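Student: Pasted the sequence and its predicted model underneath.
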Amino acid sequence: MRTPPPRLLLAASAAVAGTAVLALVPLSASGLLEPLQAVQLAVSIVTLALAAVLVLYVRRTDGKAQRVDNRVKRQEAALSRAGSDLARVAAALDGLAARLDENARGHVREVLTVLGEDRMELAAQSDRLAELAAAVSGLDTAGREIRTGLATLTSATRQNYSQLEALVDVRSLLQPRAPLPPLRGWAASPDVLRLLIERIATTHPKTILECGSGSSTIWLAYAAQRFAGNHVIALEHDERFAEATQALILAHGLQDVAEVRLAPLTDWHPAADPDEESIPWYATRALSDLPEIGLVFVDGPPGATAPAVRYPAVPALLPYCSADAWIVLDDADRPAEKAIVERWLAEYPELTAVSHKAEKGAVVLRRGH
């Protein structure tokens, strides 16, 4: 049974005590009770009322305390159950965390494995790309080399055709009677020979002088024999070459129009400045009885003898040349020969130079324009 609230108990006790006290007043007034007895009885009634109220209050307090205790116990039980549940949840979470960690580690290992394989594959691809790049670079280099080779081959083919065309021209014109040694290389090329033979056929020079001897001497001799009986003189510093060329002249029956003069190389000094550094050139005694020269072919001495080894040709031979003579310099594309031509033009203002397209370059010098 639920105990009434303290205020209600106090009010009820006060009402009962008040009622009892009020009931004692008439009794005391009627003489049924002595006043002292009435007061004592009233005090007792009030005391009893207060005691009842106190008892009831204590009971109420005890009930409330009991209820609080029960509630606490229930809450403790609930907390215990909640703690057990939390422990189970924590254990479950720990297990889950462990499984997740293991799974994560497994996935990480798998990912690292895959990444490692990918890195290996990427490295392999990178190596293949490097090989392909090297191959492409090699192909590009090879392509450039091929293009350069094709350009060189094209130029060589054109040059070969040009020389073959010139050779056919001079052979058909002169019709040699015996085999001839090859042209080009150390020997003169067909294109410069055609230039010389055209000059012989056009101007009929009395004397044709060649610095050096060999195949070109025979061709010039055929031209001299064919056109107006001109005469060819070849200066040669090497006795073996002189003998070989003379034998060719005899083999082709050209001894009436051609001769080889042995002229060893000696130190040559310009007459205007004897103190100038000497240059090796043909011995000038071979020039003592030269008739008027209408054409000079400067194809010797060999360029390897000295840097300006062909320079003396103009100062030594120009006094023997006719007014309309040509001086033709072979190998004119070489730096040494270019320097020689510049020096000739600077020292002999009366000379003019015309370059002709030839395999090894050719320059024609003559007086006037």
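Tutor: Cool, got the structure.

Student: Going along the chain, name the helices of the chain.
Tutor: Listed in chain order, the helices of the chain (DSSP state H) span 6-30, 35-174, 190-203, 215-226, 239-251, 313-317, 335-347.

Student: right, so those: which one is the most enclosed?
Tutor: Comparing those by mean neighbour count (mean count of other C-beta atoms under 10 Å), helix 215-226 ranks first with a mean of 24. The way it works is simple: take the backbone N, C-alpha and C, and place the C-beta from them, glycine included.

Student: least reliable of the helices of the chain going by mean pLDDT?
Tutor: Of all these, mean pLDDT reaches its minimum on helix 6-30 (a mean of 69).

Student: Am I right that residue 222 is in contact with residue 254?
Tutor: Yes. Counting by C-beta atoms under 8 Å, residue 254 is a contact partner of residue 222 at 6.8 Å.

Student: related to what we said a few turns ago, out of the helices of the chain, which is closest to residue 184?
Tutor: helix 35-174 (6.5 Å; C-beta to C-beta).

Student: Using a markdown table, lay out the helices of the chain together with distance to residue 276.
Tutor: Listed next are the helices of the chain as a markdown table, based on distance: least, C-beta to C-beta, whole Å:
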| stretch | distance to residue 276 |
| --- | --- |
| helix 6-30 | 152 |
| helix 35-174 | 39 |
| helix 190-203 | 30 |
| helix 215-226 | 31 |
| helix 239-251 | 29 |
| helix 313-317 | 11 |
| helix 335-347 | 12 |
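
Student: looking at those, which is closest to residue 233?
Tutor: helix 215-226 (9.3 Å).

Student: Ends of stretch 246-264, what's the gap?
Tutor: By C-alpha to C-alpha, to the nearest Å, the extent of stretch 246-264 from end to end equals 16 Å.

Student: Oh, that last question was meant for stretch 294-304, not what I typed.
Tutor: End-to-end distance for stretch 294-304, by C-alpha to C-alpha: 28 Å.

Student: Relative to the whole chain's centre, how far out is it?
Tutor: Centroid separation for stretch 294-304 versus its chain: 48 Å, with C-alpha atoms, centre = their mean, to the nearest Å.

Student: List the buried residues in that stretch.
Tutor: 294, 295, 296, 297, 298, 299, 300, 301, 303 (16 or more other C-beta atoms under 10 Å).

Student: quick one: pLDDT of the second one?
Tutor: At residue 295, the pLDDT value in this model is 96.

Student: who does residue 258 bridge with?
Tutor: For residue 258, the beta-bridge partners are residue 232 (DSSP bridges).

Student: sorry, back to before: which among the buried residues of stretch 294-304 gets closest to residue 163?
Tutor: Proximity of the buried residues of stretch 294-304 to residue 163 was ranked by C-beta to C-beta; the top entry is residue 299 with 16.1 Å.

Student: returning to what we had before: with distance to residue 348 as added columns, please give the buried residues of stretch 294-304 in JSON lines.
Tutor: Below are the buried residues of stretch 294-304 laid out as JSON lines (distance: C-beta to C-beta, whole Å):
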{"residue": "294", "distance to residue 348": "18"}
{"residue": "295", "distance to residue 348": "18"}
{"residue": "296", "distance to residue 348": "14"}
{"residue": "297", "distance to residue 348": "18"}
{"residue": "298", "distance to residue 348": "14"}
{"residue": "299", "distance to residue 348": "20"}
{"residue": "300", "distance to residue 348": "21"}
{"residue": "301", "distance to residue 348": "21"}
{"residue": "303", "distance to residue 348": "21"}
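
Student: Spit out the contact partners of the most centrally placed residue in the chain.
Tutor: Centroid-nearest residue in the chain, with C-alpha atoms, centre = their mean: residue 137, separated by 8.9 Å. For residue 137, the contact set (C-beta atoms under 8 Å, 6 or more residues apart in numbering) is empty.

Student: mind pulling up the phi and psi values for residue 237?
Tutor: In terms of degrees, to the nearest 10, the main-chain angles of residue 237 are phi -90, psi -20.

Student: From residue 270, how far out is residue 281?
Tutor: According to C-beta to C-beta, to the nearest Å, residue 281 stands 11 Å off from residue 270.

Student: and if you look at residue 158?
Tutor: Separation of residue 158 from residue 270 (C-beta to C-beta) stands at 41 Å.

Student: what do residue 281 and residue 270 both touch?
Tutor: Here residue 281 and residue 270 have residue 312 as joint contacts, going by C-beta under 8 Å, 6+ apart.

Student: out of the two, which sits in the busier spot?
Tutor: Neighbours per residue, other C-beta atoms under 10 Å: of residue 281 and residue 270, the larger number sits with residue 281, 27 against 15.

Student: list the contacts for that one?
Tutor: Counted by C-beta under 8 Å, 6+ apart, residue 281 has contacts 265, 266, 268, 301, 309, 312, 313, 316.

Student: rewinding a little: and residue 181, which of the helices of the chain is closest to it?
Tutor: helix 215-226 (4.7 Å).

Student: Tabulate the CA atom coordinates of that closest one in CSV.
Tutor: Output of helix 215-226 as CSV, limited to C-alpha atoms (Å, rounded to 0.1, in the frame of the first residue of the first chain):
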residue,chain,number,x,y,z
SER,A,215,97.1,8.6,-120.9
SER,A,216,96.3,12.3,-121.5
THR,A,217,99.5,12.6,-123.6
ILE,A,218,98.2,10.0,-126.0
TRP,A,219,94.8,11.6,-126.4
LEU,A,220,96.3,15.0,-127.0
ALA,A,221,98.7,13.4,-129.5
TYR,A,222,95.8,11.9,-131.4
ALA,A,223,94.1,15.3,-131.5
ALA,A,224,97.3,16.9,-132.7
GLN,A,225,97.7,14.3,-135.5
ARG,A,226,94.1,14.7,-136.5
